[in-house]
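1. coords please:
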Amino acid sequence: MKEIFKKIIISILTIESKMVLWRFRPKIIAITGNVGKTSAKDSIYSALKNSVHIRKNQKSFNSEIGTPLTILGLQNAWSSPSLWLLNIIKGFFVLFTFKYPKWLVLEIGVDRPGDIERVAKWIKPNVVVITSLPKIPVHVEYFESPEDVIKEKKKLIKYLRPDGVLILNADDELVLASKHEAKTKVMTFGTKPDADVFVSNQHTIYEEFDGQKNPTGISIKVNADGNSVPVALPGVLGVQHMYPVVAAIAVGLSIDVPFLEMTDSLMHHRPPRGRMNIVDGINKSIIIDDTYNSSPLAVEKALDALEELELESEKEKGGKKIAVLGDMLEIGRFTVKEHKNIGKIVADKKIDILFAVGLRSEDIAKSAVENGMAEEDVFYFKDYVGVAEKLKEFIKPGFVVLVKGSQGIRLEKVVAEIMRNPEQKKKLLIRQEKAWENR
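-> Numbering: from 1, shown residues only. The predicted model follows:
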């Protein structure tokens, strides 16, 4: 009964959304990929909001229901039938509004075969952005092969309007290969100078607090059209945050928004929660909160960022790097192999202490030991319960704790227990809404 009700609601909201698109003719920027969709969506919105009237998906609502909610400007009603019925009523009256956005930024996700096509064929985007297509993507368990996931995501290109623009990550070979499938203008972004928009001079920003050198963000230079402008991104770490910025600039340039207007707007951009965010930890430690979701490529990039951090206190006060890694869900038959590979990466990068959390992550713990990590430095938990208490035995001034896992593992609960100011968790962490409290 619940599924039937859901299908009816989606059908009605989709019809209303089609009517709204027909009525107001907004231009649509559609984003897909396996890593960085939400960050790209938020960066695009931040870069353009001061130049055009624009709306974006809320949070990471990128499903078959999320797209109509964004088009209609409605909230997710979660499991409340009365609120969904109210959404239907509100959706109808959107047709009679006087101020509808000129641009929509829609994050288009894939759970199962056909998801992209069902949405793309009626939104017909003006701009398509593809962020990344790793060899082992999330949601592959519902497809015959990783190649089928990639084919599904690329179907968005098929519905790009003839006068539209395709924006591609030039650093991702699978993404860049899409260039040959395009019948429209193509622009690229990345770290190489031959991209239309590229990053240079990326480095971590450090500041001293209480005699301790702490990472506080990253700084980059964005290069396009002969211009080079520095952009600071406070409160986050990792190359993961460079790509959304240059993707946003590429989108803006493709629709004739001035470069300097966008870089100025991005100075005030704050990346979404749970994506390599810096959070103050207990005992003057630093937490890297990457608890939004997880996949093999994303874990590897997060570990790269942890490895590259310079801990001034390593010799003087014994500062250490701790990785708390949860299960990577929805990768199907690649689960065992990829979790073992992450364990090897942890050992190779000489992370000081490993906490593996979740039934599948036992393979991370075993593999780390098999590849040379000391057994006494590896801890395994079936779920998040008890993880924070054990961490508290280790965390000292100068320690950095990376916390990353798929959303089903709920590692944001661990972050909440080891952050310096837990009263700020609703402001700083993901999944703090009432709908998540009892999950």
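
2. all contacts plus neighbour counts: C-alpha atoms, from now on.
-> Noted.

3. And the pLDDT at Val138?
-> Note on Val138: pLDDT of 75.

4. Tell me if I'm right that it and Thr335 touch.
-> No: counting by CA atoms under 8 Å, Val138 does not reach Thr335; the two are 10.6 Å apart.

5. Now list whatever residues contact both of the two.
-> Common neighbours of Val138 and Thr335 (criterion: CA atoms under 8 Å, 6 or more residues apart in numbering): Leu329.

6. who has more neighbours, the two?
-> Val138 (27 against 20; other CA atoms under 10 Å).

7. where does the nearest residue to His139 once chain neighbours are set aside sit relative to Val138, distance-wise?
-> Residue nearest to His139 in three dimensions, not counting chain neighbours: Glu330, with 4.8 Å by CA to CA, 6 or more residues apart in numbering. According to CA to CA, to the nearest Å, Glu330 and Val138 sit 6 Å apart.

8. Please apply the same query to Lys158.
-> On the measure of CA to CA, Lys158 and Val138 end up 22 Å apart.

9. do the same with Glu389
-> Glu389 is 30 Å from Val138, by CA to CA.

10. same check, this time on Leu156
-> Distance, Leu156 to Val138, by CA to CA: 18 Å.

11. Also Ser132?
-> Distance from Ser132 to Val138, by CA to CA: 12 Å.

12. One more: Ser265?
-> Counting by CA to CA, the gap from Ser265 to Val138 is 32 Å.

13. Just the C-alphas of stretch 291-303, formatted as CSV.
-> Written as CSV, here are the backbone C-alpha positions of stretch 291-303 (Å, rounded to 0.1, in the frame of the first residue of the first chain):
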residue,chain,number,x,y,z
THR,A,291,30.1,10.9,6.7
TYR,A,292,27.7,11.8,3.9
ASN,A,293,28.3,8.6,1.9
SER,A,294,31.1,6.4,0.6
SER,A,295,32.5,4.6,-2.4
PRO,A,296,35.9,3.1,-3.3
LEU,A,297,37.2,6.2,-5.1
ALA,A,298,35.9,8.6,-2.5
VAL,A,299,37.6,6.7,0.3
GLU,A,300,40.9,6.7,-1.5
LYS,A,301,40.7,10.5,-2.1
ALA,A,302,39.8,11.0,1.6
LEU,A,303,42.8,8.9,2.7
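
14. and it, which residues are buried?
-> Thr291, Tyr292, Asn293, Ser294, Ser295, Pro296, Leu297, Ala298, Val299, Glu300, Ala302, Leu303 (16 or more other CA atoms under 10 Å).

15. out of those, which are inside helices?
-> When DSSP state H is applied, those are split such that Pro296, Leu297, Ala298, Val299, Glu300, Ala302, Leu303 fall in helices.

16. So, low pLDDT: which residues of the protein?
-> By pLDDT under 70, the weakly predicted segments of the chain are 59-63, 312-318.
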